[in-house]
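J.: whatever this is, show me its structure:
(one chain, ligands or ions: 1)
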Amino acid sequence: MTPLGELLIRQIRASGPITIADFMAACLTHPEHGYYTTRDPFGARGDFTTAPEISQMFGELIGLCLAQTWIDQGRPTPFTLVELGPGRGTLMADALRAAGVVPGFTDAARIVLLEASATLRDVQRKTLAARQVSWVDSVDDLPDAPLFLVANEFFDALPIRQFVRDPNGWRERQVGLRDDALAFGLSAPAPLDALTHRFDDTQPGDLVETCAPARPIVEAIASRIATHGGVALIIDYGGWRSLGNTLQALASHEPVDPLAAPGQADLTAPVDFEALAQAAEGVAVSPLTPQGVFLERLGITPRAEALAQNLTGDALDQHVAAHRRLTQPEEMGSLFKVLALTPEGTKPPPGLDP
Ligand code: SAH
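T.: Purely as a prediction, here's the structure:
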């Protein structure tokens, strides 16, 4: 068992089963043993790869989308340019380079990153060495100012809870012990106000998931956008309303048992965009748009053709494969979705018009 696994076993033996959310939070962001806290997991040799790591085109188009929205809203200056969970900082670096063609945009931007991992903060500091950047621990610490924000594969890392419907309410799925090893179990049934609306579309035995930390994050973002203007681009894998057990563990690009090596595999759950939209009070919510459609509308194909002019051999093959991977429905094109929040009555961001 991993050191974090041993720690959790001792904790559960002393004080009983823990929720899936507590388990996930410990695995991902435990200060000493958490998955993100202790490593840089991205890339071919890491455990998974993400859109900005696949191609520079992803961050470039996000940067231009944010800059066009900034122009459409009258170039508010200064404004806060925020990324939630920036990983290696690649998306932000590509976005800033591309948006550099828009006069005034990068000068007006106060760049703020929300990152839980000290290891990844160091990587971000290096990637963005040419820029002035600051970090916050919570969205509540973001300035009261116009907010232009991107979050790619951030919400899928937030801890979820799982509930199985029972004739008498909901039983929470928990991590406990069986024969001194970590094992999933269910709590006694109890009513749960937050899930009453799911009685309409579930049967006894169905499992639904909630992500408690997502709501206050979306509320804090939406209130700044409603008051001061801006946009939030939320990009992630997932859909509209969750049903079924979706917790996933990945190590070396392969699915693994989530309980097998706590702290050493990435844990994620697809994002329930309906829950994010419901938390977004006072702002306009865009149609939930597949990533492939969004990137095509922003011009990824002409950009790919322009970059291809300077490439040959393996580099050209990789570039063509990256374009396919980001956009094709059978790859990331339709599993990943984009949701934007903008002030009521303003033009939607490019690529997300209803
Ligand atoms: N956006 C990047 C990285 C995605 S991985 C990319 O697309 O490549 C998830 C990122 O969110 C990592 O940087 C991770 O350390 C960070 N993260 C995970 N949980 C977090 C939390 N609760 N608070 C802040 N950052 C978190």
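
J.: how many neighbours does Ala275 have?
T.: A count of neighbours around Ala275, defined by other CB atoms under 10 Å, yields 21. C-beta coordinates here come from the backbone N, C-alpha and C atoms, glycine included.

J.: repeat that for Leu66.
T.: Leu66: 27 neighbours (other CB under 10 Å).

J.: quick one: residues contacting it.
T.: Contacts for Leu66 were tallied using CB atoms under 8 Å, 6 or more residues apart in numbering; they are Leu81, Ala95, Ala99, Phe148, Val150, Val231, Leu233, Pro349.

J.: could I get these as JSON lines with pLDDT?
T.: Below are these laid out as JSON lines (pLDDT from 0 to 100):
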{"residue": "Leu81", "pLDDT": "98"}
{"residue": "Ala95", "pLDDT": "98"}
{"residue": "Ala99", "pLDDT": "98"}
{"residue": "Phe148", "pLDDT": "98"}
{"residue": "Val150", "pLDDT": "98"}
{"residue": "Val231", "pLDDT": "98"}
{"residue": "Leu233", "pLDDT": "98"}
{"residue": "Pro349", "pLDDT": "98"}
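
J.: tell me how far the nearest residue to Leu128 once chain neighbours are set aside lies from the ligand.
T.: What sits nearest to Leu128 in space, not counting adjacent residues and going by CB to CB, 6 or more residues apart in numbering, is Gly89, at 5.0 Å. From Gly89 across to the ligand, the span is 8 Å (CB to the nearest ligand atom, to the nearest Å).

J.: from now on call the first residue 872
T.: Yes, from this point I'll number from 872; that puts the last item at Gly960.

J.: hmm, Gly960 is touching Val994, no?
T.: Yes: with contact defined as CB atoms under 8 Å, Gly960 reaches Val994; the gap is 6.4 Å.

J.: which of the residues in the longest helix that the chain contains are buried?
T.: Using DSSP state H to define each element, the chain has its longest helix at helix 927-943. Buried residues in helix 927-943, counted by 16 or more other CB atoms under 10 Å: 927-941.

J.: what lines up beside the helix or strand following that helix in the sheet?
T.: Downstream of helix 927-943, the first helix or strand assigned by DSSP states H and E is strand 950-955. When sheet partners are counted by DSSP bridges, strand 950-955 sits next to strand 980-985 (parallel), strand 1018-1023 (parallel).

J.: the inter-axis angle of the first one versus helix 927-943?
T.: Going by axes from the mean of the first three to the mean of the last three CA atoms, to 10 degrees, strand 980-985 is angled at 130 degrees with respect to helix 927-943.

J.: not counting its neighbours along the chain, what's nearest the most centrally placed residue in the chain?
T.: By CA atoms, centre = their mean, the chain has its centre lying nearest to Phe1025, at 2.1 Å. Using CB to CB, 6+ apart and skipping residues adjacent in sequence, the residue nearest Phe1025 is Gly956, 3.4 Å away.

J.: now do Gly1216
T.: Counting by CB to CB, 6+ apart, the residue nearest Gly1216 is Ala1155, at 7.6 Å.

J.: which residue ranges form the helices in the stretch 1072-1221 of the chain?
T.: 1085-1099, 1144-1150, 1162-1168, 1171-1179, 1184-1198 (DSSP state H, counting those that start in this stretch).

J.: so who does Leu962 touch?
T.: By CB under 8 Å, 6+ apart, the neighbours of Leu962 are Ala922, Pro923, Phe929, Gly930, Ile933, Glu954, Val1021, Asn1023.

J.: thinking again about what came up before, what average pLDDT does the longest helix of the chain get?
T.: Mean per-residue pLDDT for helix 927-943: 98.

J.: do the same with stretch 1168-1187
T.: 98.

J.: which residues are contacting that stretch?
T.: 927-928, 931-932, 935-936, 1190-1191, 1194, 1197-1198, 1221-1222.

J.: please report how far the residue nearest to Gly1216 lies from Val1102.
T.: 10 Å (CB to CB, to the nearest Å).

J.: give me the common contacts of those two.
T.: Leu1212, Thr1213.

J.: more crowded one of those two?
T.: Val1102 (29 against 18).

J.: what sits against the more buried one?
T.: If you count contacts by CB under 8 Å, 6+ apart, then Val1102 has Leu937, Thr940, Gln944, Leu1018, Phe1019, Leu1020, Ile1096, Ala1211, Leu1212, Thr1213, Pro1220 around it.

J.: switch to 10 Å and redo it
T.: If you count contacts by CB atoms under 10 Å, 6 or more residues apart in numbering, Val1102 has them with 936-937, 939-941, 943-944, 1017-1021, 1092, 1096, 1154-1155, 1157, 1211-1214, 1217, 1219-1220, 1223.

J.: do the same with Ile1106
T.: Contacts of Ile1106 (CB under 10 Å, 6+ apart): 921-923, 929, 933, 962, 1021-1026, 1142, 1160, 1162, 1165, 1207-1211.

J.: specify the beta-bridge partners of it.
T.: When assigned by DSSP bridges, Ile1106 has beta-bridge partners Asn1023, Val1209.
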